[in-house]
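got a structure for you, letters missing:
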Ligand code: HEM
């Protein structure tokens, strides 16, 4: 018990409690809460121990940071003192000595891939596609009494994203890839008890089935290769054919899984949260509608679709998006591992310990955001809206800054344009905030959408 509570350290550990042996403080950490504020687990410990504290989750020692300087340091030291987490298969395949170089390679591969597929050049071409999808979905939804917004937007965004990244077309596919992701997500940050019926078990099963589908798709593509590189599979097959590549089929499938997951779930939560904020703040809806109606009025040819110039002119919309992701805190924790003993502000973080940067604490800091729980897009007026800072990390920071940010913003802005110019909407039921340490969203928000 003494050793559990006082882990070995060549210096002074940050203060905190390691909880009970093995269990640590896992149960307290997983307790859901319904506030938009900093999770009570974090708030209570910051009050007691200060902005950097230690704890233990699911058997692993963890340092939690709400300190802007330490967060910044962690992001800047990516690959040197800290490393982000990737699915475990590659450690098993390669053994410990190669993990560093493989990790760097995987990161670059993933980043280049996303930039190829949904980077600036392709985004321009994508506007009309996103507009067409949003228009069709909204028309369908307006024929229904009400829609469960989170699920419907997730299905819309998944179709858009999976089509871009892996040419997956849900309508022409027998098995439903998204359903497997849903099972995976629901148990992603749950207590790791792998027995039939638990969320964790469903999560593992969902991942297994999704991986099997991706594997079949890759094999099909291998049998029918294409000349032009248009999606993730094309790039993977090219890389696999190279001599001396670090990529294996297994790693490629892992990356594909991570990418699909990190792209569609986040964006659909962001859109659902955006609508929830619009419902609660009619004056914001008014300003947003005004901006988008202005775009239509200024258009010379009313039959034309949205243009890149029009998209870039949506100043208030970009402020609105930033405020949405600040308050929604879609990614509640960003995890790293310390590669060696690290000294910071008099504390020592032992090598091998996990570190969690806590964006909600940063985004709800009253010293940086006046009245932090108020939804106020105007607070972003004249602020830099792209990139990250010590006080804004909804899309991460440093080397690992989200490569899908522009794609997400485009999808959100175009969807909002279609919504506010043609439809009215009202809440029918649900929509309370339910937060767990995993992904979080307004729970079961049903809205009715009617044509103007
Ligand atoms: C609202 C939407 C989104 C949010 C809030 C979000 C958030 C984040 C955050 C916080 C990180 C940093 C993770 C870390 O440092 O460990 C990240 C990285 C990343 N995101 Fe996003 N993201 C969003 C949308 C997307 C989309 C649409 C894509 C792909 C098309 C995407 C692909 C990625 C990739 C590839 C990384 C880098 C992963 C790595 O370096 O290991 N994200 N995102």
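Thanks, I have it. Just so it is clear, the model here is predicted, and its values are computed rather than measured.

phi, psi for the nearest residue to residue 24 once chain neighbours are set aside please.
In this structure, residue 24 finds its nearest non-sequential neighbour in residue 56, 2.9 Å apart by CB to CB, 6 or more residues apart in numbering. Where C-beta positions appear, they are placed from N, C-alpha and C, glycine not excepted. Torsion angles at residue 56 (phi, psi; degrees, to the nearest 10) stand at phi -140, psi 130.

show me what residue 56 is bridged to.
residue 61 (DSSP bridges).

per-residue pLDDT, the residue of the stretch 301-450 of the chain at minimum distance from the ligand?
Per CB to the nearest ligand atom, residue 404 is where the stretch 301-450 of the chain lies closest to the ligand, at 2.0 Å. At residue 404, the pLDDT value in this model is 90.

what is the burial count for it?
22 (other CB atoms under 10 Å).

that one and residue 6: what is the separation?
Going from residue 404 to residue 6 by CB to CB, to the nearest Å gives 42 Å.

just residue 80 next, same as before
28 Å.

give me the most central residue, the chain.
Centroid-nearest residue in the chain, with CA atoms, centre = their mean: residue 266, separated by 4.0 Å.

so, low pLDDT: which residues of the stretch 301-450 of the chain?
For the stretch 301-450 of the chain, the stretches flagged by pLDDT under 70 are 434-442.

which residue ranges of it form helices?
308-312, 315-328, 359-363, 405-422 (DSSP state H, counting those that start in this stretch).

for those helices, which one sits closest to residue 232?
helix 405-422 (13.8 Å; CB to CB).

rebuild the helices of the stretch 301-450 of the chain as a markdown table, extending it with mean neighbour count.
Below are these laid out as a markdown table (neighbours: other CB atoms under 10 Å):
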| stretch | mean neighbour count |
| --- | --- |
| helix 308-312 | 14 |
| helix 315-328 | 22 |
| helix 359-363 | 23 |
| helix 405-422 | 22 |
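
TSV please, covering those helices and showing distance to residue 108.
Converted to TSV, those look like this (distance: least, CB to CB, whole Å):
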stretch	distance to residue 108
helix 308-312	28
helix 315-328	26
helix 359-363	25
helix 405-422	18
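
the residue lying closest to residue 420 once chain neighbours are set aside: which element?
Excluding the flanking residues, the one nearest residue 420 by CB to CB, 6+ apart is residue 289, at 4.5 Å. Per DSSP states H and E, residue 289 falls inside helix 282-298.

rewinding a little: my guess is the residue nearest to residue 420 meets residue 423, correct?
No. If you go by CB atoms under 8 Å, residue 289 and residue 423 don't touch, sitting 10.3 Å apart.

coming back round to it: who's in contact with the residue nearest to residue 24?
Listed by CB atoms under 8 Å, 6 or more residues apart in numbering, the contact set of residue 56 reads 18, 19, 24, 25, 26, 62.

was I right about the fourth one contacting residue 31?
No. Assessed by CB under 8 Å, residue 25 is found out of contact with residue 31, at 10.3 Å.

who touches both of the two?
What both residue 25 and residue 31 touch, as defined by CB under 8 Å, 6+ apart, is the set residue 41.

ok, back up a step: now the helix holding residue 289: average pLDDT?
97.

need the contact partners of it.
So helix 282-298 is in contact with 277-279, 302, 306, 310, 313-317, 320, 375, 377, 416-417, 420-421, going by CB under 8 Å, 6+ apart.

how near is residue 185 to the ligand?
In this view, residue 185 and the ligand are 14 Å apart by CB to the nearest ligand atom, to the nearest Å.

what about that residue, which helix or strand?
With secondary structure defined by DSSP H and E, residue 185 is part of helix 177-186.

of all the residues in the very next helix or strand once past that helix, which ones are buried?
Next along the chain after helix 177-186, taking DSSP H and E as the criterion, comes helix 199-223. Buried residues in helix 199-223, defined by neighbour count with 16 or more other CB atoms under 10 Å: 199-203, 205-207, 209-211, 213-214, 217-218, 221.

now helix 199-223: how far from the chain's centre is it?
Taking CA atoms, centre = their mean, to the nearest Å, one finds helix 199-223 lying 20 Å from the centre of the chain it belongs to.

between helix 177-186 and that helix, find me the angle.
Interaxial angle, helix 199-223 versus helix 177-186 (axes from the mean of the first three to the mean of the last three CA atoms, to 10 degrees): 140 degrees.

related to what we said a few turns ago, need the residues touching each of residue 289 and residue 423.
Between them, residue 289 and residue 423 share no contacting residue, judged by CB under 8 Å, 6+ apart.

pretty sure residue 351 sits against residue 338.
Yes. Assessed by CB under 8 Å, residue 351 is found in contact with residue 338 at 5.6 Å.

the helix holding residue 289 to helix 405-422, inter-axis angle?
Computed by the same axes, to 10 degrees, the angle separating helix 282-298 from helix 405-422 equals 90 degrees.

which of the residues in helix 282-298 are buried?
Buried, per 16+ other CB under 10 Å, within helix 282-298: 284, 285, 287, 288, 289, 291, 292, 295.

quick check: the residue nearest to residue 24 vs the ligand, distance?
As judged by CB to the nearest ligand atom, residue 56 and the ligand stand 21 Å apart.

surely residue 373 is in contact with residue 364?
Yes. Using CB under 8 Å as the test, residue 373 is close enough to residue 364 to be in contact (6.9 Å).

ok, those two, which is more surrounded?
Using other CB under 10 Å as the criterion, residue 373 and residue 364 rank with residue 364 on top: 19 against 12.

contacts only, for the closest residue in space to residue 447 that isn't next to it in sequence.
Counting by CB to CB, 6+ apart, the nearest residue to residue 447 once its immediate chain neighbours are dropped is residue 425, at 5.0 Å. Counting by CB under 8 Å, 6+ apart, residue 425 touches 275, 279, 419, 447, 448, 449, 450.

and residue 351 and residue 338? Which one has more around it.
Ranked by neighbour count (other CB under 10 Å), residue 351 and residue 338 place residue 338 first, with 20 against 13.

dump the residue contacts of the more buried one.
Residue 338 touches 63, 81, 82, 349, 350, 351, 352, 353, 354, 355, counting by CB under 8 Å, 6+ apart.

what's around the third one, how many residues?
What that stands for is residue 82. Residue 82 - counted by other CB under 10 Å - has 23 other residues nearby.

name the residues of the stretch 301-450 of the chain found near the ligand, please.
325, 330-331, 334, 394-396, 400, 402-404, 407-408 (CB under 6 Å from any ligand atom).

of these, which belong to strands?
Within these, residues falling in strands by DSSP state E are residue 334.

from the residues of the stretch 301-450 of the chain next to the ligand, pick the one nearest residue 150.
Distances from residue 150 to those, taken by CB to CB, are shortest for residue 330, at 12.1 Å.
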